[in-house]
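Colleague: got a predicted model here, sequence first, then my questions.
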Amino acid sequence: MERYVVGIGDALWDCLPEGRKIGGAPANFAYYMMQLGFDSLAVSAVGDDPLGTEIRETFDRIGLKHILEVSEYPTGTVTVDVDENGIPSYDIKENVAYDHLTYTPCLAETACRCNVACFGSMTQRHPASRKTIRRFLEEMPQTEDTYKVFDINLRQDFYDKEIISESLRLCNVLKINDEELVVVKNMFGYEGESDEQACRKLMAEWGLKFVILTCGVNGSYVFTENEKSFMDTPKVEVADTVGAGDSFISAFMAAILKGETVREAHALAVNVSAYVCTQYGAMVALPDDVCGAGVSRTRDSRDDRS
């Protein structure tokens, strides 16, 4: 049976200083996994409006398969301001299409054929999408090679302890950055713990296979039950860091699925995310020399995006 890699959650427009670009962490994940050789699906909801139509047409043009429910609510948008170091801040519109994602028979069939799903906290801010995402994860196959990736993506006040706890219960891979880890430490009473101690406590308490901690210019870590990998962040000319974390977790999971070691997967993730930082926007076409020798590509979409 054909298996899917799915990014489920928000597909939206990032309104950047240089113009409007498609984003949303789960959609970004699906796009990068597609480029790295996997049969990927972006699952979200868009409005019955020109912005929603443009998202569907763009996904079709770049070859990204999708299940985009058409909603009575407007397509999601985010105003992104980028500081002089390329670090973004976000103003995220509420009560938009992806807040009202429903669990359809098509989604149920997709869940049964999905061996990797990536989800975050932001789309769970509304009960409707939260219920849909949780049901999708619960109905995925329960096998050794099934990965449920919680890319935590804490934004504004769109999360609470219940959302984080339930997401940790459902996932087996956690991707978190150093600023988010401070919030989670305070949330779970780990304030006195080092970053590594906190990551290992999360791994033990929630039965996680991988905890991936990114620390911006200070490098990144991958923790497993028996391993610890640290890598420096390459020095590059940063355009912006929007989508860098999404490309990182995509490249890491792609390499793991291809049978690479944790260290090899970590190296690919670092290189891919560094390249994404040199480009504007969250969905960046990857050149062949960035994708890594161990990870094949199914298509070349570099010239398909505007």
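Modeller: That came through fine.

Colleague: which stretches of the stretch 201-306 of the chain form strands?
Modeller: 210-214, 220-223, 228-231 (DSSP state E, counting those that start in this stretch).

Colleague: which strands or helices does the first one pack on?
Modeller: What it means is strand 210-214. On a contact count with 3 or more C-beta pairs under 8 Å, 6 or more residues apart in numbering; DSSP states H and E, strand 210-214 meets strand 173-177, helix 178-188, helix 195-206, strand 220-223, helix 244-257, helix 262-277. Quick note: C-beta positions are derived from backbone N, CA and C, even for glycine.

Colleague: deepest in the core, which of those is it.
Modeller: Each of the helices and strands packed on strand 210-214 was scored by mean neighbour count; the highest is helix 244-257, a mean of 27, by mean count of other C-beta atoms under 10 Å.

Colleague: quick one: list the elements packing against that one.
Modeller: Looks like helix 244-257 contacts helix 25-35, strand 114-119, strand 147-151, strand 173-177, strand 210-214, helix 262-277 (3+ C-beta pairs under 8 Å, 6+ apart).

Colleague: sorry, back to before: as a markdown table, the strands of the stretch 201-306 of the chain with distance to residue 118 and mean pLDDT would be great.
Modeller: As requested, those are exported to a markdown table (distance: least, C-beta to C-beta, whole Å; pLDDT from 0 to 100):
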| stretch | distance to residue 118 | mean pLDDT |
| --- | --- | --- |
| strand 210-214 | 12 | 98 |
| strand 220-223 | 16 | 98 |
| strand 228-231 | 20 | 98 |
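
Colleague: and those strands: which comes nearest residue 86?
Modeller: In terms of C-beta to C-beta, the element of the strands of the stretch 201-306 of the chain nearest to residue 86 is strand 210-214, at 14.6 Å.

Colleague: may I ask which helix or strand of the chain has the lowest mean pLDDT?
Modeller: One helix or strand of the chain scores below all others by mean pLDDT, DSSP states H and E: strand 88-92, with a mean of 83.

Colleague: now do that strand: distance to the chain's middle.
Modeller: The chain centre lies 16 Å from the centre of strand 88-92; the measure is C-alpha atoms, centre = their mean, to the nearest Å.

Colleague: keeping just the C-alphas, turn the very next helix or strand once past it into PDB.
Modeller: Downstream of strand 88-92, the first helix or strand assigned by DSSP states H and E is helix 105-112. Extracted in PDB, the C-alpha atoms of helix 105-112 (Å, rounded to 0.1, in the frame of the first residue of the first chain):
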ATOM      1  CA  PRO A 105     -13.800  10.400   5.000                       C
ATOM      2  CA  CYS A 106     -11.000  11.500   2.700                       C
ATOM      3  CA  LEU A 107      -8.900  12.400   5.800                       C
ATOM      4  CA  ALA A 108      -9.800   9.100   7.500                       C
ATOM      5  CA  GLU A 109      -8.500   7.200   4.500                       C
ATOM      6  CA  THR A 110      -5.300   9.300   4.400                       C
ATOM      7  CA  ALA A 111      -4.600   8.700   8.100                       C
ATOM      8  CA  CYS A 112      -4.700   5.000   7.500                       C
END
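
Colleague: buried residues in helix 105-112, which are they?
Modeller: Neighbour-count burial for helix 105-112, with 16 or more other C-beta atoms under 10 Å as criterion, is recorded at 107, 110-111.

Colleague: swap in stretch 74-88?
Modeller: Counting neighbours by 16+ other C-beta under 10 Å, one finds that the buried residues in stretch 74-88 are 74-78, 80, 82, 86, 88.

Colleague: no further queries at this time; thank you.
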